[in-house]
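>>> With the sequence up front, the predicted model follows.
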Amino acid sequence: MKGLFVGLATLDVIQLVERLPTENEKIRALDFAFAAGGPAANAAVAFAHGYSKLGAGLDSSDDAVLVTRISNDGIGNLIREDLKKHHVCVKASTLPGNTTSTVATILVTKSTGNRAVVSATDQRKIAPAYSALDIEVEDFDIVETDGYETDLTLEVLKRARSAGITTVLDGGSVKSYTEELLPFIDVAIVSEPFAAGRSPAELFDYLAKFGVKYSAVTRGSKEIIYSADGVTGTVKTCQTAAVDTLGAGDFFHGGFVKALGRQKLSSDTFVTALSKAARIAALSIQSFGTRQWLVED
């Protein structure tokens, strides 16, 4: 199975702490890790991995390709090395000039698994890239995007739609370009901030106006609310002790895409994929960092 992912790739520097520091305070980390980050990048990592604990069609290693932009420097090299190590094929345009890829600093509180994230807002002024033109989109079984790298995303989504390939949106928040993407989306799985105060019914109606027939709202450990071709319902999440919640939403999306795969999109396949994705997200929060859980599986 082949999955195409389009969007953001960052470098995540992750530190485990007893508590967050106060102003002017220095504290010592209990552990640290670094890895490629970004919703699309992490989703691709999850898609590429086989989950022996879960089986049920999820225990195969699948081909994941990530279309993104990565800087041509030491930071970019670390991102590329991590993705290669985790079997993601990267098709990246180089960032212009001296622009470097985003580095996110994450502090994870040991007692709760909750994280605090600091990263620079992406203000790059860049011309369209052409990585997407080198991709045979028609060769893929499914496409997922986090909406970043919008010019690349639109090119891929248009070609996927023409080829009848299922497209999935990871909607973390509504951005200025979101409504450009929605007409080319089959499945939108969004977070509570994306809802922006709308009730689930209002959100589903909003997405349906763009032709999105399958949508869901993830709410952390609370049950997932979904609409499948006009029929609403809920899916329970897997309750487990959280060691580190960083990346759980990204891995949920990668798991969903893996579970849906080549299947025809229907109410049954949609809801089943949501349930399997919840199990993968639960696995991901049981160890520190965004990669250790893959090794332990």
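Looks like it arrived, so ask away. Numbers count the residues shown, from 1 in each chain.
>>> Tell me, how many residues neighbour Y206?
By the criterion of other C-beta atoms under 10 Å, Y206 has 18 neighbours. All C-beta atoms are positioned from the backbone trio N, CA, C, and that covers glycine.
>>> Quick one: residues contacting it.
Counting by C-beta atoms under 8 Å, 6 or more residues apart in numbering, Y206 touches R198.
>>> Surely it forms part of a helix?
Yes: when classified by DSSP: H, G, I helix; E, B strand; the rest coil, Y206 is found to be part of a helix.
>>> ok, it to V212 distance?
9 Å (C-beta to C-beta, to the nearest Å).
>>> Would you indicate which residues of whatever helix or strand T234 lives in are buried?
Element membership of T234, judged by DSSP states H and E, is strand 231-235. Neighbour-count burial for strand 231-235, counted by 16 or more other C-beta atoms under 10 Å, picks out V235.
>>> pull the longest helix from the protein.
helix 267-284 (DSSP state H).
>>> Can you list the buried residues in the helix or strand that that helix is followed by?
Note on helix 267-284: by DSSP H and E, the next helix or strand toward the C-terminus is helix 292-296. Buried residues in helix 292-296, counting neighbours by 16+ other C-beta under 10 Å, are found at 292-294.
>>> And stretch 265-282, by the same measure?
265, 267, 269-282.
>>> which residues make contact with that stretch from outside it?
Residues from elsewhere that reach stretch 265-282 (C-beta under 8 Å, 6+ apart): 46, 51, 54, 56, 58, 166, 186-187, 189, 214, 216, 224, 226, 228-229, 231, 233, 235-240, 248-249, 251-256, 258-260, 263.
>>> Buried ones in the helix or strand hosting L78, by neighbour count?
L78 belongs to helix 74-85 when assigned by DSSP H and E. Across helix 74-85, burial judged by 16+ other C-beta under 10 Å covers 75-76, 78-80, 82-83.
>>> returning to what we had before: the strand holding T234 - what's its average pLDDT?
Strand 231-235 comes out with an average pLDDT of 96.
>>> and that strand, what does it pack onto?
Here strand 231-235 is seen to pack against helix 200-208, strand 222-228, helix 267-284 when contacts are counted using 3 or more C-beta pairs under 8 Å, 6 or more residues apart in numbering; DSSP states H and E.
>>> Of these, which is nearest I106?
Among these, helix 267-284 comes nearest to I106, with 14.3 Å by C-beta to C-beta.
>>> Distance from that closest one to the middle of the chain?
In terms of C-alpha atoms, centre = their mean, to the nearest Å, the centre of helix 267-284 is found 14 Å from the chain centre.
>>> can I get the CA coordinates of that helix in PDB?
Provided in PDB are the C-alpha atoms of helix 267-284 (Å, rounded to 0.1, in the frame of the first residue of the first chain):
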ATOM      1  CA  SER A 267     -19.700   4.700   6.700                       C
ATOM      2  CA  ASP A 268     -18.400   1.300   7.800                       C
ATOM      3  CA  THR A 269     -14.800   1.700   6.600                       C
ATOM      4  CA  PHE A 270     -14.700   5.300   7.900                       C
ATOM      5  CA  VAL A 271     -15.800   4.400  11.500                       C
ATOM      6  CA  THR A 272     -13.600   1.300  11.600                       C
ATOM      7  CA  ALA A 273     -10.600   3.400  10.600                       C
ATOM      8  CA  LEU A 274     -11.400   5.900  13.300                       C
ATOM      9  CA  SER A 275     -11.400   3.200  15.900                       C
ATOM     10  CA  LYS A 276      -8.100   1.700  14.700                       C
ATOM     11  CA  ALA A 277      -6.500   5.100  14.600                       C
ATOM     12  CA  ALA A 278      -7.600   5.700  18.300                       C
ATOM     13  CA  ARG A 279      -5.700   2.500  19.200                       C
ATOM     14  CA  ILE A 280      -2.500   3.700  17.500                       C
ATOM     15  CA  ALA A 281      -2.800   7.100  19.200                       C
ATOM     16  CA  ALA A 282      -3.100   5.300  22.500                       C
ATOM     17  CA  LEU A 283       0.100   3.300  21.800                       C
ATOM     18  CA  SER A 284       2.000   6.400  21.000                       C
END
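>>> Compute the inter-axis angle for that helix and strand 222-228.
Put simply, helix 267-284 runs at 160 degrees to strand 222-228, going by axes from the mean of the first three to the mean of the last three C-alpha atoms, to 10 degrees.
>>> mean confidence score for helix 267-284?
94.
>>> Test of understanding: give the bridge partners of the nearest residue to G171 once chain neighbours are set aside.
Nearest residue to G171 in three dimensions, chain neighbours excluded: V190, at 3.5 Å (C-beta to C-beta, 6 or more residues apart in numbering). Beta-bridge partners recorded for V190 (DSSP bridges): G171, V217.
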